[in-house]
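# Need a 3D model of the following:
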Amino acid sequence: MEIGMRHLHVTVVIVFLLFMIFKTVLLLANKLELLDRIRSKTKVADMILGLLIVVTGIYMMTLKSGIESYLWIKLILVILAIPLGIVGLKRHKKLLALLSVLIIVYIYGIAEAQSYKFKRDHIEISNSGDVGKQVYTKLCVDCHGEDGKKGLYKAPDLTTSALNDEEKTLRIQQGKGLMRGYESELDQQQIEALLEYLNAL
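Next up, the predicted model:
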């Protein structure tokens, strides 16, 4: 269900963004009569899309064990951008409509990068304690669970993995499917510690 919800969320965001861009272009081109006709026909669709963005986004936030700061920023910006765009288009305020589109594009960007700076920072792990476990808890536990068997987003059971160490390292670095790669965030020592922790599961 969570994969379907994720796909629904991304689809709804893209459709809403395309609607907003199209209507904003009409507003900027002073095609106000056409804009008003389209707005009146898509008013209900806009409300449904806006509501779906918020509901599916909040649902996906609940799947995480800890909510990172970029997700809070994303949620606040969504709640701000949707009414801003609706008011801008309704009152023919070009600046408001354009600002809404830019905010939504930024939101989409930070969602894809999983960082409000569009850049993933190197993972900071303390050298005291089990480094592999710390990395696992920070990056892997949401989808794989504490015991490696959670399977969120169809994540494989790590306790029954048939991958060798080289394949696991490649998977950690490059990712696969919905799992993103962590090559830019983890140094070699952290990857090796994570690999050792995974093999002990």
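
# From now on I want contacts and neighbour counts done on CA atoms only, so please keep to that.
Will do.

# Just the buried residues of stretch 63-75, please?
70-71, 74-75 (16 or more other CA atoms under 10 Å).

# can you check stretch 95-104 too?
By 16+ other CA under 10 Å, the buried positions in stretch 95-104 come out as 96-101, 103-104.

# The residues you listed in strands, which ones?
Members of the buried residues of stretch 95-104 lying in strands (criterion: DSSP state E): none.

# Which other helices and strands does the host helix or strand of Tyr136 contact?
Per DSSP states H and E, Tyr136 falls inside helix 131-139. Under the contact criterion of 3 or more CA pairs under 8 Å, 6 or more residues apart in numbering; DSSP states H and E, helix 131-139 touches helix 188-200.

# Show me the contact partners of the helix it packs on.
Contacts to helix 188-200, defined as CA atoms under 8 Å, 6 or more residues apart in numbering, come from residues 131-133, 135-136, 158-159, 165, 168-169, 172.

# Include distance to Leu18 when you put those residues into JSON lines, please.
JSON lines is the format used below for these (distance: CA to CA, whole Å):
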{"residue": "Val131", "distance to Leu18": "44"}
{"residue": "Gly132", "distance to Leu18": "42"}
{"residue": "Lys133", "distance to Leu18": "42"}
{"residue": "Val135", "distance to Leu18": "38"}
{"residue": "Tyr136", "distance to Leu18": "37"}
{"residue": "Leu158", "distance to Leu18": "39"}
{"residue": "Thr159", "distance to Leu18": "43"}
{"residue": "Asp165", "distance to Leu18": "44"}
{"residue": "Lys168", "distance to Leu18": "39"}
{"residue": "Thr169", "distance to Leu18": "38"}
{"residue": "Ile172", "distance to Leu18": "34"}
